[in-house]
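> I'll drop the sequence and a predicted model, then ask my questions.
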Amino acid sequence: MLKPYLSTNIILFSLIPLTSVHASTYYQETVKNTVINSNDIIKNEHRVTTTQSRHWMINSVATPSLATNIASLKANDRVTRFLESATIENNHQRNNAVLIPSAQTITTASNNNIKVNGDSKSLKGHYLNIDHADDNSTLSISDGIDVHNQRHEQSYNYGTLLENHRDKSTTINYDSQLGQIKVKSDGAIYNSGIAGITYNGDKDITINIKDVGSRHIKTGAAFNAIVNEGEKGNIHITLNDGSIMNTNNASYGIKSINSSGGGNIIKSNNLNISSMKVGIYAENDHGGEIDIVSSGEIFGTAEKGIFAKATGTVKSNITISRSGNTISDNIGIYAENTNGGDITINNLDGGIIISSNSDSSIMATNKASNDKSGKITTNNNGIIYGYVTYSGHNVQFNNQGNGEFKLYHGSGGKVTSSFGTDGKFSNNGMIKFLDASYNTKATFKGVAEFTHQGTIDIGVDATSDPITQDMVGNTITIENGGNGRFVSNGGSLRVNTYIDPINGKSDQLIIDNAITGPKGSTIVHIHPTADSNYGKLTGDGIEIIKVKGFSSPDAFRLDAPVVHGDYEYGLVKGGTQSAHSWFLRNTYGYNPAIGGYLANMKAANNLFAHSLHDRAIASKTNLLSNTAIFQNLWLRTRIAHSHHHSVNHSFNNRDNTYLTQLGSDIGLWQVAQGNLHIGVMGGYGHYKNTSTSQQTGTQASSQMNGYNLGLYGSWFENDNGQLGTYIDAWSQYSWFRNRITGKGNISDAKKYNSSVWSNSIELGYGFSITKNQRYQIILTPQAQFTYNIHNMSSLYDNKSHLSVTDDKGSGLVSRLGARLYGLGIETNQMIQPYVSVDWINATAKNQLTFNGKHLKDDSTKNLIETKLGLVSYVSNHLSTSAQIGSQWGKDNYNQLQAQLTFNYNF
C-alpha cells in the first residue's frame, strides 16, 4: 500500500498501489506513472496536482467546488492526462477547473464530464484533445477557453481546442445538451495555434455555439478557427452571435470537408466571421448536401467570403443562404459543382454581397455531364454589388421584389456579368449602376431570356453627387449572340439624356430582340440633363433603346411626356439606322400645356357671358293686374361640356364648366314711354380642361376659378317683356385664378392670374305671328354685341422651361338670332315653351406668346347655338325656367349645356 506523507494536510504518494483515500486530505503526485484510483475524493477541500513531468490517470473521481484560487486539476509541466469516468467540476468563481499552462494534452476515454463555471478564463492550455471511444462525454465551459501556443512549437495540432479521431458521432454544443461530446460556453475561445476546433471522425458531428454575445473564437495561426475533416457522416455546425476572427493570410474561419457522402450543414445567426483567406469553406467529395445558412458578416479578405465545392462522381447539391454582409477582396461567394448537382444561392432580405476589389460578387460553375444536368439558381432579395459570373447550363437569376443589383467595376469602364449558356434572368427588383458611375458599359452575357417587370436605372442615381447625376453615357447590354429575348412585362426603364439638336446622346439599353408580355410595355422615363440644349432634333433623333433584331410595336412607351418650352419629344420606334430601335424625337409638335393656357383664355372670355333671357325669364308685368312690377331677385345656374381642337389640330380639348350667378333689380323708372330696370349681379364659375396631344396622347390639365361683379340695365317698350322693343346692357368685371398641371415635366402645378372686363348691348323686337285660344306665338329677332378685354399676368414655368405672355385675347363677340315663344293667353296658363336659334361670331384671336412664338387657339370663330326650354309660373311671385342647349362649329367643336333660372318678384 502507498504510504502517505503527512505535511500539514498534504499527503505524498510513492509507487505503492492506492486502494482508498480518506476525507480531509490532499494528494500530490511525486513520481512517474502514478495512478489515482478512488471513489472517495468528494469534499471541497480536495485536489489532485502534479509538480513534475508525469503521466496520470483519474478513474471514478469526483471533485466538486473548491476554495478560492485552487484548480481541480492542475499540471505544472509537460504531461499527458487520461480521464475515464471522471467528473471535474468547479462552481467557484476565479478558479480553474483544468489549468495546463504548458503544452499539454487531456485525452478522454469515456463517460467524462468536465464542467467549468468560473468567471475567469476557466480552461487554459495549448492542446485539449477529447479523443473518446464511447459516447456521452461532456465538455462544459461558461467563461472562456484560452489556448495559446506561446512557445510557437510546430508539432501536430498545437493550439487545438478540440479534436476527435474516433469512429463516433460528435456534438460540440455551446448551449443545449444535444450530442455526444458537448461543449457549453458563453465565453470566448482564443487560439494562437493551428485550429480552434478540429474534427477528423467518421460519424456525425454537430457543433453548436450559441449566445456567446460579443465574445469570440479567435486564431492567429496559419490555419483555421473551426476545422472538420470527417470521412463519413454528416457535419452540422451551428453558431449564434459573437464572432470568429482569423488573422493569418492563409487561414479559414470555418473549414468543413466531408469525403464520404455525408452532408455539410453550416448555420450561423448574427455571427461575424473574419478570415484572411476564406470566411466559410465547405467541401463534399462524394454526394450528400452542402447547406450554408448564415447571417451576420463574413469577411474573406484574401480570396473568398464563402467557398462551397462539390466534387466526385455522385451528385451533390449546394445551397447557400445569406442575410448578412458577405465581403471579399476577391470573390464574395464561390460555388463549384463538378458532379451535375444543383447550386442554389439565396441572398435574403438584408443580405449584401460585395467584392471590394472588383472581382465577381458571386461566381458559380456547374461542370455537368453531357446531359446538361444540374442547375444554378440565384435568388436575390438583398443587395449584390459589382457583377456575377456563372458557367454551365440551366442558369436562372431571380432578382426579387426587394433585390438590388448594383453594377460597378473598380477599374471603371466595363463591367461584365456572365450567365452561362442560354441563361435566364427574371427582374422584379432594381438593376442600377452604383452612385457616381457614368460612361460605364455593363454587359449581361449569355442571357437567352430576360423577363422585366422591375426597374432598370441606367442613369446615375439622382441622390448622388449633383455634379455627376446628370452625366450620360452608361449602357446596359443584354445579349445572347443575337438570339436573346427581352420580355417587357410592365417594368420600367430610366435613362439620362442630353438633348441637343446636333450632339444629343443618351444612356442606352442594348438588346437582341424585344417582345411584350402579358403585363404590357416597359415604361421609359427619360431624365433630360440640366445642360440640355433644347430644339428641333435632326435625323432619327436620339437613340434610347438599341434593338439588334426585332421589337414588337408596344414593347416600350414613355411614362410621361418629355417637354421643354413649346416642344414635346416622343419615343418613336424605327428610323434609318434601325427599323426596330427606339428614338427620342420632337416631330410631333407642341407642349400640351400650350393647349391648356389657350383653353383657359377662351373660357375666361365666355364663362359669364349671357343674354337677357338667360337672366330675366318672366314677364315684367303682373299677370293679374297688368301693371309693371319691381323684379327683386333672380338666380341662374349653368353647366356645360364641350370638345374642340386647337393650335392647328395639335390638341384635343375636353372641358367642363359650372357657374352660378345671382342678381337683383335695384331700381325701376319710366323712361321714353317704357320702363327701365337697373340691377346688380355677381357670380362664381369653375372651368376644367384636359388638353391632349393628337400625336403622342400626352396630356396637360388646366383649370380656372372665376368671380364676377357687374351692373345691368333693361328697357322695355311693353313691360310684359315679350312684345315690342327691348334694350339690355350690362358691364361686368371677372377675375380668375388659373392652374396648369401635367405629367413628367409638362408643368409643375403652375398658377397664374387673369381677368376679363366685358361690356354688352342687346336689342330685340317681339311680335305675334299667330294666335289661338290658348297661346300667342311670339317671334323675337335679336342681336347682341359683347366686347371682352382680356388681361393675363406673364409667367415662366420652371419645370417645362416655358414662358407665357398675354398677346391677343381681347375681341368682339357678335350674336344674331331669333327666339320663338309661346305666350299663354289665359292667366292660369302656367307652362310656356320657347326655342331660340343664334349665330355667334368671335373676332378675338385667343393668342398667347410662348417662348417668343405666337400661338393661337385656332378654334372655330363661327358657331350655331340652339336652346330649348320651358317657363313655369309657379306662383304670382315665383317663376322658373329649365333649358337645354348646344353649340357646334368646325374643327369638331361642340358643346352641350343645361341651365336652371329662378325669378322671384316681391
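In hand now; what should we look at?
> avg pLDDT for the longest helix seen in the chain?
The helix spanning the most residues in the chain, taking DSSP state H as the definition, is helix 592-606. Confidence for helix 592-606, expressed as mean pLDDT, is 92.
> contact partners of the helix or strand just after it?
With elements assigned by DSSP states H and E, the helix or strand that comes after helix 592-606 is helix 612-615. Counting by CB atoms under 8 Å, 6 or more residues apart in numbering, the neighbours of helix 612-615 from elsewhere in the structure are 634, 636, 661, 663, 681, 712, 714, 726, 728, 762, 764, 819, 834, 836, 899, 901. Any C-beta I mention is one placed from the backbone N, CA and C, and that applies to glycine too.
> looking at helix 612-615 now, give me its mean pLDDT.
So the average pLDDT for helix 612-615 ends up being 92.
> can I have that helix written out in CSV, keeping just the CAs?
Included here for helix 612-615 are C-alpha records, laid out as CSV according to Å, rounded to 0.1, in the frame of the first residue of the first chain:
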residue,chain,number,x,y,z
LEU,A,612,-81.3,89.0,-71.4
HIS,A,613,-83.5,85.9,-71.4
ASP,A,614,-80.8,83.8,-69.6
ARG,A,615,-81.2,86.3,-66.8
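> after it, which helix or strand is next?
strand 631-646.
> that next one pairs with which strands, and in what direction?
In the sheet, strand 631-646 lines up against strand 651-671 (antiparallel), strand 893-905 (antiparallel) (DSSP bridges).
> now render these as a markdown table, adding mean neighbour count, mean pLDDT and distance to Asn591.
Putting these into a markdown table (neighbours: other CB atoms under 10 Å; pLDDT from 0 to 100; distance: least, CB to CB, whole Å) gives the following:
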| stretch | mean neighbour count | mean pLDDT | distance to Asn591 |
| --- | --- | --- | --- |
| strand 651-671 | 17 | 93 | 10 |
| strand 893-905 | 18 | 94 | 22 |
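> about what we covered before: looking at the contacts of helix 612-615, spot the one nearest Ile740.
Gln661 (26.0 Å; CB to CB).
> so where is the stretch 601-750 of the chain shaky, pLDDT-wise?
For the stretch 601-750 of the chain, the stretches with pLDDT under 70 are 618-631, 719-721, 744-748.
> which among the strands paired with strand 631-646 is found nearest to Leu779?
strand 893-905 (21.3 Å).
> show residues contacting the closest one.
The set of residues that contact strand 893-905 without belonging to it, under CB under 8 Å, 6+ apart, is 614-618, 622, 629-645, 859-860, 863, 869, 876-888.
> can I get that strand in PDB, CA atoms only?
Coordinates of each C-alpha in strand 893-905 appear next as PDB, following Å, rounded to 0.1, in the frame of the first residue of the first chain:
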ATOM      1  CA  TYR A 893     -66.400  72.000 -81.800                       C
ATOM      2  CA  ASN A 894     -69.500  71.000 -79.900                       C
ATOM      3  CA  GLN A 895     -71.000  72.000 -76.600                       C
ATOM      4  CA  LEU A 896     -73.900  70.700 -74.600                       C
ATOM      5  CA  GLN A 897     -75.300  72.800 -71.800                       C
ATOM      6  CA  ALA A 898     -78.200  73.000 -69.300                       C
ATOM      7  CA  GLN A 899     -79.500  75.900 -67.200                       C
ATOM      8  CA  LEU A 900     -82.000  76.500 -64.400                       C
ATOM      9  CA  THR A 901     -83.200  80.000 -63.700                       C
ATOM     10  CA  PHE A 902     -85.300  81.300 -60.900                       C
ATOM     11  CA  ASN A 903     -87.100  84.700 -60.700                       C
ATOM     12  CA  TYR A 904     -88.700  85.900 -57.600                       C
ATOM     13  CA  ASN A 905     -90.800  89.100 -57.600                       C
END
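> could you give the angle of that strand to helix 592-606?
30 degrees (axes from the mean of the first three to the mean of the last three CA atoms, to 10 degrees).
> once you drop chain neighbours, what's closest to Ser760?
Computed as CB to CB, 6 or more residues apart in numbering, the closest residue to Ser760 that is not its neighbour in sequence is Thr786, at 4.1 Å.
> quick one: the helix or strand harbouring that neighbour to helix 592-606, angle?
Thr786 is part of strand 775-792, with elements assigned from DSSP H and E. Between strand 775-792 and helix 592-606, the angle formed by their directions is 130 degrees, by the same axes, to 10 degrees.
> from the contact counts, what lies against strand 775-792?
Strand 775-792 sits against helix 592-606, strand 750-771, strand 802-808, strand 811-824, with contacts defined as 3 or more CB pairs under 8 Å, 6 or more residues apart in numbering; DSSP states H and E.
> given the helix or strand following that strand, what are its sheet partners and their directions?
Taking DSSP H and E as the definition, the helix or strand that follows strand 775-792 towards the C-terminus is strand 795-797. Strand 795-797 pairs in its sheet with strand 802-808 (antiparallel), by DSSP bridges.
> contacts for the partner strand?
The set of residues that contact strand 802-808 without belonging to it, under CB under 8 Å, 6+ apart, is 563-566, 591, 593-594, 597, 747, 752, 790-797, 844-852, 854, 856.
> that older thread, quick one, what contacts the residue nearest to Ser760?
Applying CB under 8 Å, 6+ apart to Thr786 gives the contacts 609, 758-760, 812-815.
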